[in-house]
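Chemist: Sequence first, then the predicted structure, then my questions.
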Amino acid sequence: MFYINNSLQMHSALDFKANHLLKSLFRGVLGLGLLYPIQAIAATDVTEFSLEELMGMEITSVAKKSQPLSEAAAAIYVITREHIRRSGMTSIPELLRMVPGLQVAHIDSNKWAISSRGFNGRWSNKLLVLMDGRTLYNPMFSGVYWDVQGTIIEDIERIEVIRGSGGAIWGANAMNGVINIITRHSRDTQSGFVSVRSGEHEQGARVRFGSNIGENGTFRAYATTDDFDEFADSGETSAYDAWEIQRIGLRTDWALDTDSELTIQADAYKGDMKQMLGNLESAFSSPQFLPTDSQLDGNNLLFRWNSNLKNNSSWSFQGYFDRAERSNTYISELIDTYDFEFQYNFSIDNIHQINWGVSARRINDKIIGDFTVSFDPFSEQQNLYTAFIQDDISLNDELSLTIGSKFEHTSTIKKDIEVQPSVRMLWRLDDTSSLWAAVGRSITAPSRVYRDITINVAAFASPFVDPDGPGPLPTGAPIVISIVGDNEVDSEVVKSVELGYRSHLSENVSFDSTLFYNSYDRLHSTEQSFAYGGSPAPTHLIMLRTFDNQMRGKTFGIELSAKWQVSTDWRIDGSYSWINIDTNLLPNSTDVNSVDDTELVTPEHQLQLHAYWDISDMLQLDVAAYYVDEIRVRGVNERKVIADYTRLDIRLGWHLSKTIEVNLVGQNLLEKQHVEFVSSDSLGTEVPRSIYLQIKKLF
């Protein structure tokens, strides 16, 4: 999209003074830390978990209930708390690089392109992202603003990533996968914590304090500040993509009785971001970019009530409010989301485990633009109502079958109800291996961009007279290039088939593989047409590019991953993925870019290796290598070849005591800088080599 991520300045209700707040919290933690028992930092490590324990880890994302990872009939990968600590990464988007088959690329210092199984780009809309049950995607374009998604990453319990269709449980936009970020219970963070890092391209500090509330409650409060310098630019133009952001948050958990619990949590952020954005003429002349500053504000409040009942049944009720503001020179956006969900789980004769739920969501937005980009109407209310039901059937000791579907009604979908069914089967071959298969149907709902946007991409003087026009247009008459939405745009659809196998090949080696085939229908395209503007006689020609559903496609591929416990203090993880994407337009389509935009922007091959080595009780060495195949991305004027690259990251960690850890981290060490992705609406920059020092302290 063009200029979507920019906005006019608006002021948040929570316009807190971040620097003053952080200083106050630091003093508070340092003081209160003296009054509470010392806890050990990093009590567990990657190498301390056996492969069997990792496969038995409880997850919740596949079936929306707790189950062992080994019992999940889906391609799922879990980034554990220990993986997070030893990765050396400092943001959620960067952590996702370690997921097999996921496409993660930096566009510039403050923008990412992240997708699963193809269709990557800054505005990827086929991957649903959640944090503690709160949906993170932006309803304006159904993608994710990754720059504002964060917390203290040391307080993340795990990140569960499903590659493949998740619509039967999670609904629209879980077409190609689900990322579920789960933070730690507040009872597990009952201490003070301070982390400070400084390096050539980034600086940051994090502070958190947790304690008890009476006999039945616990809480934690946190604050973070991050400052990222601009990336490198291969040309003479300033990269102008530095950014900074501050966050505060609170979580409380209350044991209402022995079988029920109430969770309340809230977060707020405020940031400033620099960008280089193409001006109106940049599509037909030499690229011209204008520096602009964006202001980012947001806050959210969530509550969740869980209760376990007799007879192996349970229910939960969750609600949240989320406000997101983003403002700049060209456009401003204000989006309020209200969401409520009820879920009930029960069993019948120990054979059927039935899980059902209903939800309602209201989204109020206000998007104010100018001649360059605008929305009509500028304000809209969307209502979304969903219901799902799923039955896990235990056929015998070896076979289990899961049948379910999501039913969804929203104002952005042409049909009254969209149905997203799935069938999954798991066959336990023996105590150490299993085979699973899944088929399903998922959708992506058309966002405001596809329905209501107008983008005036370029304007220039016509060098000719149109003899077939409704009236004479003189030479030199204006021609305007515009991208426009269409209220008739339909939801995109995928029908998916997956086959997976996972096994403990030996006591020290585990293996996981997935084959997948996806068939897509009604994919978004951009159709070309012409119109004349002016009254009563035409005064200018308008070249329109209108969103439609004139593209079809299919993808198939393989994803492999393995873990090798070399010794008690050394483990190696590796993965490889291959994907083939084939899209085509309907015979009457006039689109000229969408096929290449889907087929060429995803690396065909990806490979990664991670080595975790406990040199001693005090010293750890972790090495990660990533290989990403070349892609071809459409920039402002031309399609650019992004060469394949190999990335090497190294972390050296010292445990100076039970409560102090020092990390020296190097990233992108093999070359000075490299390009990973280019977006047509901003000046892409090159990811530089980076080294930083981090100190962590528990009180």
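Modeler: On my side now, so go ahead. Numbers count the residues shown, from 1 in each chain.

Chemist: rest of the way, CA atoms for contacts and neighbours
Modeler: Fine.

Chemist: Quick check, central residue of the chain?
Modeler: What sits nearest the mean C-alpha location of the chain, by Cα atoms, centre = their mean, is residue 129, with 4.9 Å.

Chemist: so it bridges to which residues?
Modeler: Residue 129 has the following beta-bridge partners by DSSP bridges: residue 179.

Chemist: ok, now which ones touch it?
Modeler: 135, 136, 137, 144, 178, 179, 180, 181 (Cα atoms under 8 Å, 6 or more residues apart in numbering).

Chemist: likewise residue 103?
Modeler: By Cα under 8 Å, 6+ apart, the neighbours of residue 103 are 97, 113, 114, 115, 116, 117, 118, 120, 602, 603.

Chemist: Strands along the stretch 101-250 of the chain, start to end?
Modeler: Assigned strands in the stretch 101-250 of the chain, in chain order: 102-108, 111-116, 128-131, 134-135, 156-163, 177-183, 192-199, 202-213, 217-228, 243-257 (criterion: DSSP state E, counting those that start in this stretch).

Chemist: Need the CA coordinates for the third one. CSV is fine.
Modeler: Meaning strand 128-131. Below are the C-alpha coordinates for strand 128-131, written out as CSV (Å, rounded to 0.1, in the frame of the first residue of the first chain):
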residue,chain,number,x,y,z
LEU,A,128,-3.2,-13.6,12.6
VAL,A,129,-1.2,-12.3,15.6
LEU,A,130,-2.4,-12.3,19.2
MET,A,131,-0.9,-11.4,22.6
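
Chemist: chain center to it, what's the gap?
Modeler: Once both centres are worked out by Cα atoms, centre = their mean, to the nearest Å, strand 128-131 turns out to sit 7 Å from its chain's centre.

Chemist: What of the last one?
Modeler: Using Cα atoms, centre = their mean, the distance from the centre of strand 243-257 to the centre of the chain it belongs to is 20 Å.

Chemist: which helices and strands does that strand pack with?
Modeler: On a contact count with 3 or more Cα pairs under 8 Å, 6 or more residues apart in numbering; DSSP states H and E, strand 243-257 meets strand 217-228, strand 260-278.

Chemist: Run me through the strand neighbours of the helix or strand following the last one, direction for each.
Modeler: Next helix or strand after strand 260-278 toward the C-terminus (DSSP states H and E): strand 289-309. Strand pairing for strand 289-309, determined by DSSP bridges: strand 260-278 (antiparallel), strand 313-327 (antiparallel).

Chemist: quick check: longest strand of this structure.
Modeler: Among the segments of the chain that qualify as a strand by DSSP state E, the longest is strand 540-567.

Chemist: Excluding chain neighbours, give the residue nearest to residue 486 in space.
Modeler: residue 451 (4.5 Å; Cα to Cα, 6 or more residues apart in numbering).

Chemist: chain center to the helix or strand that neighbour falls within: distance?
Modeler: Counting by DSSP H and E, the element that carries residue 451 is helix 448-452. On the basis of Cα atoms, centre = their mean, helix 448-452 is displaced by 21 Å from the centre of the chain it belongs to.

Chemist: what's the answer for stretch 327-347, then?
Modeler: Remark: stretch 327-347 is offset 15 Å from the chain centroid, using Cα atoms, centre = their mean.

Chemist: For that stretch, buried residues please.
Modeler: Neighbour-count burial for stretch 327-347, with 16 or more other Cα atoms under 10 Å as criterion, is recorded at 327-328, 330-347.

Chemist: avg pLDDT for that stretch?
Modeler: pLDDT averaged over stretch 327-347 equals 93, rounded to a whole number.

Chemist: pretty sure residue 563 is touching residue 509, no?
Modeler: Yes: using Cα atoms under 8 Å as the test, residue 563 is close enough to residue 509 to be in contact (5.6 Å).

Chemist: Out of the contacts of residue 129, the closest to residue 294 would be?
Modeler: residue 144 (16.5 Å; Cα to Cα).

Chemist: Next, the contact list for the closest one, please.
Modeler: By Cα under 8 Å, 6+ apart, the residues touching residue 144 are 123, 124, 125, 129, 136, 137, 138.

Chemist: What is the burial count for the last one?
Modeler: So that's residue 138. 16 (other Cα atoms under 10 Å).

Chemist: do you know how far the nearest residue to it once chain neighbours are set aside is from residue 686?
Modeler: On the basis of Cα to Cα, 6+ apart, the spatially nearest residue to residue 138 that is not a chain neighbour turns out to be residue 144, at 5.6 Å. Distance of residue 144 to residue 686, computed by Cα to Cα, to the nearest Å: 22 Å.

Chemist: sorry, back to before: reformat the helices and strands packed on strand 243-257 as TSV; add mean neighbour count.
Modeler: As requested, the helices and strands packed on strand 243-257 are exported to TSV (neighbours: other Cα atoms under 10 Å):
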stretch	mean neighbour count
strand 217-228	22
strand 260-278	21
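
Chemist: worst average pLDDT in the ones you listed?
Modeler: Least confidently modelled of the helices and strands packed on strand 243-257 is strand 260-278, at a mean of 92 by mean pLDDT.

Chemist: Can you pull the phi and psi angles for residue 411?
Modeler: With angles defined as degrees, to the nearest 10, residue 411 sits at phi -70, psi -10.

Chemist: now swap in the one 4 residues further on and tell me
Modeler: The main-chain torsion angles of residue 415 are listed as degrees, to the nearest 10 and equal phi -70, psi 150.

Chemist: Spell out which residues sit in contact with it, please.
Modeler: The neighbourhood of residue 415, defined by Cα under 8 Å, 6+ apart, consists of residue 409.

Chemist: Same question for residue 428.
Modeler: 398, 399, 434, 435.

Chemist: Against residue 402, how distant is the closest residue to residue 350 other than its chain neighbours?
Modeler: Nearest in space to residue 350, with sequence neighbours left out and distances taken as Cα to Cα, 6+ apart, is residue 394 at 7.9 Å. The spacing between residue 394 and residue 402, counted by Cα to Cα, is 9 Å.

Chemist: In terms of packing, which of those two has more residues around it?
Modeler: A side-by-side neighbour count of residue 394 and residue 402, using other Cα under 10 Å, places residue 402 first with 20 against 16.

Chemist: who's in contact with that one?
Modeler: Residues in contact with residue 402, defined by Cα under 8 Å, 6+ apart, are 390, 391, 392, 393, 423, 424, 425.

Chemist: ok, and the most crowded of the residues you listed?
Modeler: In terms of neighbour count, residue 390 stands highest of the contacts of residue 402 at 24 neighbours, by other Cα under 10 Å.

Chemist: so that one is in which element?
Modeler: Element membership for residue 390, per DSSP H and E: strand 379-394.

Chemist: pLDDT of that strand, averaged?
Modeler: Looking at strand 379-394 alone, the average pLDDT works out to 95.

Chemist: Quick check: beta-bridge partners of residue 406?
Modeler: In this entry, residue 406 is beta-bridged to residue 388, residue 420, by DSSP bridges.

Chemist: hang on, it packs against residue 420?
Modeler: Yes: assessed by Cα under 8 Å, residue 406 is found in contact with residue 420 at 5.0 Å.

Chemist: any common contacting residues for the two?
Modeler: The contact sets of residue 406 and residue 420 overlap at 167, 168, 171 (Cα under 8 Å, 6+ apart).

Chemist: Closest one of these to residue 594?
Modeler: If you rank these by distance to residue 594 using Cα to Cα, residue 167 comes first, at 24.3 Å.

Chemist: does that closest one really touch residue 441, like I thought?
Modeler: Yes: counting by Cα under 8 Å, residue 167 touches residue 441, with 7.0 Å between them.
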